[in-house]
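Trainee: quick one, what's the 3D model for this:
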Amino acid sequence: MPKFILSSMYLFLKQIIQKVFGNNSKILLFLKKVKRKSYLPFYYIIYFKYRYKVKHLKKVDRVLNVLFLVIHHSVWKYEVLYKLMKNHKAFNPIVLVIPNIGFDNDTMIKDMNSTFSFFKEKGYNVLKSYNESLSSWISIKEMKPDLIMFTNPYSGLTKPEYFVNKLTNYLTYYIPYAYNHEERHELNFNQKMHNLVFCYVVESEFHKKLACKYSDVNGINVKPLGYPGIDELLFPKIPILPSSWKTSNKKRIIWAPHHTIEPEENIYNYSNFLEYAPIMIELAKAFQNHLEISFKPHPLLKPKLYKTPSWGVEKTDEYYHIWGNMPNGHVNESDYIDLFLTSDAIIHDSGSFLVEYLCVNKPALYQIRNIKIKDGLGEIGKQALDCHYKAYSKDDVINFIDNVVLKETDELKINREAFVKQFLSPLNNKCASENIMEDICKTLNISYFFRC
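Mentor: Numbering: from 1, shown residues only. Below is the predicted model of the structure:
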């Protein structure tokens with residue numbers, strides 16, 4: 001039965017069930033499962049189409065175009081992989097900046113321009129998907145890619161023509177931008193992106209087992225090759241001191257609030273920003289002789305604040321401006337590897353930083369919004385949280401600054417070392433980017449000899 005007919009039948013039944021039984025009906029959940037299973041034949045047909053594509057690319061005698069689709073530069077975790085490809089004669093890596101359509105039009109274009117400038121300044125081969133002068137969007141077909149690297153899994157976040165279900169004529173890869181440590185297995189292993197790409201890269205064998213258990217295609221496309229987001233932390237070069245740091249004789253703390261400021265009682269709404277926004281400025285002023293604080297907000301926090309009635313555009317911009325103009329404070333909305341390496345500690349309620357910052361083995365304070373947070377974390381996430389100091393109030397933050405950071409009484413250092421050794425040690429004694437690169441080359445019968 002054609003897929004569009006299945007979709008129409010599903011929508012019709014869904015509307016009837018919602019009217020009669022409500023949105024949380026068990027019948028509706030059952031219908032969703034039936035719908036997913038009905039699509040399985042399409043998933044496997046696509047996968048075998050990928051196998052044909054591999055055979056074709058093995059015979060190609062030219063440089064292969066590799067297209068990285070990127071929405072936000074602040075979650076770019078593929079620096080090492082891009083450079084490995086750039087230095088290999090068989091590949092031509094290109095970054096294509098695509099839109100976040102959740103923004104209003106002006107914010108969307110501003111965000112794309114900022115991301116484009118970030119890559120342009122670093123010397124990347126980068127293009128924008130939107131031509132402002134012509135008011136037109138670039139098509140993937142005209143870029144003639146051979147491989148496509150997706151860096152974000154969410155359907156509906158960008159334009160449909162830049163999502164995987166429209167691009168299965170190319171060899172597609174999804175490499176997560178955040179380390180998976182939560183208990184949301186459907187979200188983390190069973191979205192369209194996870195099921196439709198040729199290769200879904202996961203962090204470890206532990207993650208592969210979860211993918212095989214929860215994905216509709218039983219993990220047929222999953223490969224445990226590591227997490228490239230920590231390559232530059234586990235294999236650090238001499239860090240370049242970010243120009244954003246203004247002082248050299250003070251302790252440097254990162255404050256990284258998450259974007260989940262929604263009021264609903266949800267264990268995944270991590271962000272304490274609305275509570276701590278004035279407090280952190282107060283503390284920056286109180287400790288101005290001893291600390292410099294880098295305000296490192298999640299990229300989605302600002303657009304959410306713009307839409308929050310008690311904040312709005314003017315108040316949000318003014319708040320960011322205050323941080324940028326403090327003598328011992330600044331705003332960092334860019335990449336953060338060197339920021340991590342040159343910092344002394346972090347205060348945050350982030351998701352991915354819960355694991356990533358442990359790699360630098362410096363004190364970390366987690367601001368607890370919901371005491372049930374552990375219920376939403378998987379085994380790895382719970383152990384990562386145990387490597388953090390905890391803050392339930394302003395006094396806890398002050399205590400962390402006074403005792404752990406300034407007096408350097410760091411009792412969790414050994415815990416962090418043990419965590420990194422158990423969960424984050426490089427697979428095959430190589431960084432994740434090298435494992436990914438080797439796997440691509442092996443798949444396409446291309447010689448590979450570079451190292452991270």
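
Trainee: low pLDDT regions in this protein?
Mentor: 1-39, 238-243, 264-265, 267, 449-452 (pLDDT under 70).

Trainee: report the central residue of it.
Mentor: Y177 (3.1 Å; CA atoms, centre = their mean).

Trainee: so what's that one closest to, chain neighbours aside?
Mentor: With sequence-adjacent residues excluded and distances taken as CB to CB, 6 or more residues apart in numbering, Y177 is closest to V75, at 4.5 Å. C-beta: built from backbone N, CA, C; applies to glycine.

Trainee: the stretch 201-350 of the chain: strands as residue ranges?
Mentor: Counting by DSSP state E, counting those that start in this stretch, the stretch 201-350 of the chain has these strands, from start to end: 222-224, 251-256, 291-295, 329-331, 345-348.

Trainee: out of these, which is closest to V126?
Mentor: Minimum separation from V126 across these (CB to CB) falls at strand 329-331, 23.1 Å.

Trainee: quick one: residues contacting the nearest residue to V404 once chain neighbours are set aside.
Mentor: Among residues not flanking V404 along the chain, P363 sits closest, at 4.8 Å (CB to CB, 6+ apart). Applying CB atoms under 8 Å, 6 or more residues apart in numbering to P363 gives the contacts 344-346, 389, 400, 404-405, 410, 412.

Trainee: give me phi/psi at P363?
Mentor: Torsion angles at P363 (phi, psi; degrees, to the nearest 10) stand at phi -60, psi 140.

Trainee: for it, give its distance to K382.
Mentor: Using CB to CB, to the nearest Å, we find P363 at a distance of 19 Å from K382.

Trainee: equivalent analysis for K237, please.
Mentor: 32 Å.

Trainee: next, F116: secondary structure please.
Mentor: Per DSSP: H, G, I helix; E, B strand; the rest coil, the secondary structure class of F116 is helix.

Trainee: hmm, it is touching V126, no?
Mentor: Yes - using CB atoms under 8 Å, F116 is in contact with V126, at 6.1 Å.

Trainee: can you list the domain ranges for this structure.
Mentor: Residue ranges for the domains of the chain, per automatic domain parsing: 45-230+429-443, 236-424.

Trainee: and the first one, how far from the chain's centre?
Mentor: Its chain's average C-alpha position is 12 Å from that of domain 45-230+429-443, according to CA atoms, centre = their mean, to the nearest Å.

Trainee: okay, now Q288: neighbour count?
Mentor: Neighbourhood size, Q288 [other CB atoms under 10 Å]: 16.

Trainee: try Y43
Mentor: Using other CB under 10 Å, Y43 has 18 other residues around it.

Trainee: ditto for E182
Mentor: Around E182 there are 18 residues (other CB under 10 Å).

Trainee: give me every residue that touches it.
Mentor: 188, 268, 351, 376-378, 381.

Trainee: from K382, how far out is it?
Mentor: From E182 to K382 the distance is 10 Å (CB to CB).

Trainee: same thing with G219?
Mentor: 23 Å.

Trainee: repeat for F400
Mentor: Distance, F400 to K382, by CB to CB: 20 Å.

Trainee: before we move on, what about V222?
Mentor: 23 Å.

Trainee: between those two, which one's more packed in?
Mentor: Shown here are V222 and K382; by other CB under 10 Å, V222 has more neighbours (22 against 15).

Trainee: how many residues are close by the closest residue to the more buried one other than its chain neighbours?
Mentor: Counting by CB to CB, 6+ apart, V222 lies nearest to A211, which is 4.5 Å off, once chain neighbours are set aside. Number of residues near A211 (other CB under 10 Å) recorded here: 25.

Trainee: for L300, what are its contacts?
Mentor: Counting by CB under 8 Å, 6+ apart, L300 touches H259.

Trainee: go again with 10 Å.
Mentor: By CB atoms under 10 Å, 6 or more residues apart in numbering, the residues touching L300 are 72, 74-75, 100, 102-103, 157, 258-261.

Trainee: next: V54.
Mentor: Remark: with contacts taken as CB under 10 Å, 6+ apart, V54 is in contact with 171, 198, 443-445.

Trainee: who wins for most neighbours among the residues you listed?
Mentor: When these are compared by neighbour count (other CB under 10 Å), L171 ends up highest, at 24 neighbours.

Trainee: that residue and L233: what is the separation?
Mentor: For L171, the distance to L233 - CB to CB - is 29 Å.

Trainee: ditto for F116
Mentor: On the measure of CB to CB, F116 and L233 end up 26 Å apart.

Trainee: with Y392 instead?
Mentor: In terms of CB to CB, Y392 sits 28 Å off from L233.

Trainee: residues near N403, how many?
Mentor: 15.

Trainee: my guess is it contacts T409, does it?
Mentor: Yes - using CB atoms under 10 Å, N403 makes contact with T409 at a distance of 5.2 Å.

Trainee: how about the residue nearest to F198 when sequence neighbours are not counted, secondary structure?
Mentor: Among residues not flanking F198 along the chain, Y50 sits closest, at 4.1 Å (CB to CB, 6+ apart). Counting by three-state DSSP, the backbone at Y50 sits in helix.

Trainee: would you confirm that Y50 contacts L167?
Mentor: No - counting by CB under 10 Å, Y50 sits too far from L167 to count as a contact (11.4 Å).

Trainee: quick one, what contacts the closest residue in space to N221 that isn't next to it in sequence?
Mentor: Using CB to CB, 6+ apart and skipping the chain neighbours, the partner closest in space to N221 is Y200 (5.1 Å). Applying CB under 10 Å, 6+ apart, one finds that Y200 lies in contact with 150, 153, 172-176, 189, 193-194, 207-208, 211, 215, 217, 219-223.

Trainee: do that again at 8 Å, thanks
Mentor: By CB under 8 Å, 6+ apart, the contact set of Y200 is 173-174, 193-194, 211, 219, 221-223.

Trainee: you'd agree Y227 is up against Y179?
Mentor: Yes - here Y227 lies in contact with Y179, judged by CB under 8 Å, at a distance of 5.3 Å.

Trainee: between the two, who's got more neighbours?
Mentor: The residue with more neighbours, out of Y227 and Y179, is Y227; 28 against 25, by other CB under 10 Å.

Trainee: once you drop chain neighbours, what's closest to the more buried one?
Mentor: E203 is the one closest to Y227 (CB to CB, 6+ apart), at 4.4 Å.

Trainee: contacting residues for that neighbour?
Mentor: 176, 179-180, 224, 226-227, 432.
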